[in-house]
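**Student:** Got a predicted model here, sequence first, then my questions.
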Amino acid sequence: MEQIRIGMISFAHGHAYSYLHALRNVPNVTVVGFADSDSARAAAIEREHTLTRYQDHHKLLAAGLDAVIICSENVHHARLTIDAAHAGVHVLCEKPLGVSLIEMKEMIEACEANSVQLMTAFPCRYMPGAREAKDAIDRGEIGELVAFKGFNRGKMPGDWFVNPSLSGGGAILDHTVHVADLMNWFLGSAPVEVHAVSRTLFNDLPVEDSGIVHMKYSGDVVGVLDTSWSRPKSFPVWGDVVIEIIGTQGVIKLDGFAQKNQVFSESNAQTKWLHWGQNMDALLIADFVNAVKSGTPVPITGRDGYHSTKVALAAYESVSSQGPVKLSEY
């Protein structure tokens, strides 16, 4: 069977390491190499993961790739995606898709103009509970959807995530997009209005570390999301993804990381949670590779990434104006 040639651009985001591991376990995939603008990080990747290093991403894109996975700092997503599109290379881009509506539209349009696929990395869609909730909603088991109540509370990640010149924002941008995408997916539409508040409550940072985002959908469906870096360093895992889905005939409570074992370790003097369920990153990668191989549409598109990020960007606008913000369709 024909080999699929995939490269990786940047290991700035921690998901890059799990994506690389997943790629190496997919049949008929060759990981050609990687490029990373951070020389110290690149040297460590080359040494520890025996991965061929390219001096810049243009040389990697010219190495006969079928696809590339982009896990750079957020502000570089657009430029790297557009460069890949012009090289005729399919793209899986880490979330958030971009840091402005204009650049995300440019990413989508560049990929469409060059007939390459753009997939947004939303592994939370592959949580077993999320899949089961989606199926139950589609079967009409809880009637018509009325409201969502979501939580994405994590540890403060530090590093470039708290540098707005590289991240494009703080906890609102980082932690709104996953749950907003799930809500959009469950309902089959994006919000029409956003109203948000934010603060820097838990850390001394140049960006916000907490926020509450209210969403209004057509048909009077509403949603509310706690998007924060409020978990302490001692918390057993990085954070959570929890959604209560309220319908006219029932309620579904989704805990994305409920499948876990508690591990008590003297070495780190704290309890850890180890996930034992399906590997959502591996399922995401498998779907992306299959779409590239078969030429079928990717399951989570650039437009999906656009609509979830648009919620976060509207939240910032709402915080600034201290009022609700209307959202356009595209």
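**Tutor:** Looks like it arrived, so ask away. Numbers count the residues shown, from 1 in each chain.
**Student:** ok now do residue 284, which residues does it touch?
**Tutor:** Residues near residue 284 by CB atoms under 8 Å, 6 or more residues apart in numbering: 19, 22, 121-123, 125-126, 300. In short, each C-beta sits where N, CA and C put it, glycine included.
**Student:** three-state assignment of it?
**Tutor:** Put simply, residue 284 is helix when judged by DSSP: H, G, I helix; E, B strand; the rest coil.
**Student:** Quick check: pLDDT value at it.
**Tutor:** In the predicted model, residue 284 carries a pLDDT score of 98.
**Student:** would residue 290 count as being in a helix?
**Tutor:** Yes: checked against three-state DSSP, residue 290 lies within a helix.
**Student:** so what's it closest to, chain neighbours aside?
**Tutor:** Distances taken as CB to CB, 6 or more residues apart in numbering place residue 296 nearest to residue 290, at 7.3 Å, with adjacent residues excluded.
**Student:** still on that earlier bit, of the contacts of residue 284, which belong to helices?
**Tutor:** 19, 22 (DSSP state H).
**Student:** which of the contacts of residue 284 lies closest to residue 308?
**Tutor:** Lowest distance from residue 308 to these (CB to CB) belongs to residue 122, with 7.5 Å.
**Student:** distance of the closest one from residue 249?
**Tutor:** Distance, residue 122 to residue 249, using CB to CB, to the nearest Å: 28 Å.
**Student:** who has more neighbours, those two?
**Tutor:** The residue with more neighbours, out of residue 122 and residue 249, is residue 122; 24 against 10, by other CB atoms under 10 Å.
**Student:** Contacts only, for that one.
**Tutor:** Neighbour list for residue 122: 95, 177-178, 181, 284, 300, 304-305, 308 [criterion: CB under 8 Å, 6+ apart].
**Student:** at 10 Å what do you get?
**Tutor:** By CB atoms under 10 Å, 6 or more residues apart in numbering, residue 122 lies in contact with 94-95, 97, 130, 177-178, 180-182, 185, 280, 284, 299-300, 304-305, 308.
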